[in-house]
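Visitor: the following block contains a protein sequence and its predicted model.
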Amino acid sequence: MGETRQEQDEATQSEVEEIEAERERRLAPENRPENAEIDNTDAELPTVKEFEELNADDDPEGSAGSADPSEVFREMKPSEEEVAEIEEERKRRLDPDNRPENAEVDNTGDTGSHGDAGPEVADDEP
């Protein structure tokens with residue numbers, strides 16, 4: 001007819017043992033494929049405090065926990081030479097003689113500081 005309860009338990013126990021043996025074989029470091037994910041469930045990992053102590057010498061720039069990673073960039077001030085280069089490039093780009101043929105300029109609703117129809121960003125005088 002069928003297997004007895006004891007035979008079923010023995011079969012189940014042998015299946016469990018086979019599964020455990022296969023698991024041990026697969027998890028053995030020498031059998032792991034490159035870049036394999038590792039189950040650290042039973043591993044003793046460092047606490048947050050220990051982790052912070054281990055990484056205390058790391059460069060804080062752009063480190064995790066910063067709400068605004070671009071803050072460091074914004075705090076960097078350009079040199080006077082860089083500012084001069086930027087202003088010259090800006091003048092060159094805004095010069096009407098440098099506009100491509102058929103370029104459209106939208107000055108809608110903008111009177112500029114000189115009373116003309118130029119955009120505020122193009123005004124260099126206060």
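Guide: Thanks, I have the structure now. Numbers count the residues shown, from 1 in each chain.

Visitor: now do the same for Glu37: helix, strand or coil?
Guide: Per DSSP: H, G, I helix; E, B strand; the rest coil, the local secondary structure of Glu37 is coil.

Visitor: that one - how many residues pack around it?
Guide: 6 (other Cβ atoms under 10 Å). C-beta: built from backbone N, CA, C; applies to glycine.

Visitor: and what of Val72?
Guide: Residues near Val72, counting by other Cβ under 10 Å: 13.

Visitor: low-confidence stretches in the chain?
Guide: Scanning the chain for pLDDT under 70 picks out the ranges 1-11, 57-67, 69, 109-126.

Visitor: again, only this time at 80
Guide: Screening the chain residue by residue with the criterion pLDDT under 80, one finds the ranges 1-11, 26-27, 29, 32-33, 36-75, 105-126.

Visitor: Ala56: neighbouring residues, count only.
Guide: Counted with other Cβ under 10 Å, residues neighbouring Ala56 total 8.

Visitor: need phi/psi at Phe73.
Guide: Main-chain dihedrals, Phe73, degrees, to the nearest 10: phi -60, psi -40.

Visitor: ok, it to Arg25 distance?
Guide: Computed as Cβ to Cβ, to the nearest Å, the Phe73 to Arg25 distance reads 51 Å.

Visitor: same check on Ala103?
Guide: From Ala103 across to Arg25, the span is 70 Å (Cβ to Cβ).

Visitor: before we move on, what about Pro100?
Guide: 69 Å.

Visitor: compare the two and say which is more crowded by neighbours.
Guide: Higher neighbour count among Pro100 and Arg25: Arg25, with 10 against 5, using other Cβ under 10 Å.
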